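# generate a structure from the sequence data that follows.
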Amino acid sequence: MRPYSLIMSILIISVFVLMIAGSSGANNGINVVWRVDEDQYYSYDRYSSLVDDLNDAGVSTSYYSVKDLFGGDTIPDIDEFGDPKKTVIVIPNPPSDFGDTELEFLKNFVEGGGRLLIMGDIQYDDRHYGKPEFLNNLLNYIGIGDKVQFWGTNDDGDEIKDDTSNYGYPWQVIVTSDDFNPHIIAYDVEKVIINSASLVVSDPAIIVATSPSTSYAESASGKIHTYGNIPWLVAIEYGDSKIVVCGSSKMFSDVYIYGTSTPYIMAEDNEKLFFNIIWWLTDQRITAPQPIEMIKIMDIFPILAGIFAGVIFRREGKIDYRAFGYVAVVIATLYGIVATIQVVLFGQVIVGTAIPDWGAVTKVSGESVPAELNAFFRYLFAGLFEAFVGLVILIFVEWLDRYLDLGIMRRLGIQGG
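Alright, predicted model coming up:
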């Protein structure tokens, strides 16, 4: 083959590959529209990571303002956002009740084949975040209130908890595939993390997922009102429409899991579950991006450095702790810089610490504390801690060597061994 022919072949193949790669993000006609009201905590901006990934999958995303769209008496046309059967209106936990005009629009939207995802929120102590009465008013108005309701009232809603299957705290409940019923929404979902209100379901056939058998639902007043497998996710076919009701607005948002640097949407299979919900609602499969699993091996470097520094910095057979401290700071600083560089380049720490969840720093759009800064300080302190762990290991080995008279340190030529 002549050189120019080979070059042309390579160029044609390259263009073809690029066309295929680019087509994966082509618009597929699906519209996901968030409802946004004044003082709404789970606003469109709190789903920025999810929105970015939906856009990359070819899904069009937007939001509507309740004040702007339903400020008057005119009911908008249900085609406001395009084909109702390819449009999913996402309703996160509302801060106030639905007005008559919006209720009528949503009812018309459902009757016209539109798709809905309705999400609640939890309540605890005296901070009444969940609004079950407002959500139940919507469920009743569109005609499915006899199938599913959110438990409780606006002054005494609830929260699912689990003292056994949790992500560090009882309210961060781990739900595995064992707690999902066979359904497209459950496809390939192994584990999700929820912080959810409970649902009261009259038709077991619509239940997609429950909490584990070890869970319980506690009201804001501190009373446990139910135990065991508690429904929190249902899917309903209603005429030409499809509706999903979920007890949690938080689990798909950029809000961090308490005690970690991991957003809910990026934890386990949470994002995959949302993509599956859109798949079932629109009858068009979209695939969530595969998360990069963090390799937890960085601990070994500051620990080994701590051991070697303890060996080197000795004065008359004793460790010079001041000199060791200076070296530990340098080790920890390099540790933090390496983590920061990873976040800058990849959006997350890929090679990190084995400290559970603590080192899994992930970049989220619009976060108040930059992930790069978060990573630096977390790994700075982790490096200091682990360098001193190395020193403690060295001191213990030396003590054991002297106590048992093994002569290991002496043979290694370590002064004072």
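# which parts of the stretch 51-200 of the chain are helices?
With helices called from DSSP state H, counting those that start in this stretch, the stretch 51-200 of the chain shows them at 66-69, 100-111, 132-142.
# avg pLDDT for the second one?
Same thing as helix 100-111. In this model, helix 100-111 carries a mean pLDDT of 95.
# tell me the buried residues in the top helix by length along the chain?
The longest helix of the chain (DSSP state H) is helix 371-404. Going by neighbour count (16 or more other Cβ atoms under 10 Å), the buried part of helix 371-404 is 371, 374-376, 378-380, 382-388, 390-391, 394, 397-398, 401. The way it works is simple: take the backbone N, C-alpha and C, and place the C-beta from them, glycine included.
# related to what we said a few turns ago, the helices of the stretch 51-200 of the chain: which one's closest to residue 32?
Among the helices of the stretch 51-200 of the chain, helix 100-111 comes nearest to residue 32, with 14.0 Å by Cβ to Cβ.
# counting by contacts, list what the closest one packs against.
strand 115-119, helix 132-142, strand 241-246 (3 or more Cβ pairs under 8 Å, 6 or more residues apart in numbering; DSSP states H and E).
# go again with 10 Å.
helix 66-69, strand 87-91, strand 115-119, helix 132-142, strand 241-246 (3 or more Cβ pairs under 10 Å, 6 or more residues apart in numbering; DSSP states H and E).
# could I get the ones you listed as JSON lines with distance to residue 301, mean neighbour count and mean pLDDT?
JSON lines is the format used below for these (distance: least, Cβ to Cβ, whole Å; neighbours: other Cβ atoms under 10 Å; pLDDT from 0 to 100):
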{"stretch": "helix 66-69", "distance to residue 301": "52", "mean neighbour count": "14", "mean pLDDT": "91"}
{"stretch": "strand 87-91", "distance to residue 301": "44", "mean neighbour count": "25", "mean pLDDT": "97"}
{"stretch": "strand 115-119", "distance to residue 301": "43", "mean neighbour count": "25", "mean pLDDT": "97"}
{"stretch": "helix 132-142", "distance to residue 301": "50", "mean neighbour count": "20", "mean pLDDT": "96"}
{"stretch": "strand 241-246", "distance to residue 301": "42", "mean neighbour count": "24", "mean pLDDT": "98"}
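# and of these, who's closest to residue 188?
Among these, if distance is taken as Cβ to Cβ, the winner is strand 241-246, at 17.4 Å.
# report the angle between the closest one and helix 132-142.
With axes from the mean of the first three to the mean of the last three Cα atoms, to 10 degrees as the basis, strand 241-246 and helix 132-142 are set at 170 degrees to each other.
# which stretches of the stretch 1-150 of the chain form strands?
Assigned by DSSP state E, counting those that start in this stretch, the stretch 1-150 of the chain shows strands spanning 31-36, 60-65, 87-91, 115-119, 148-150.
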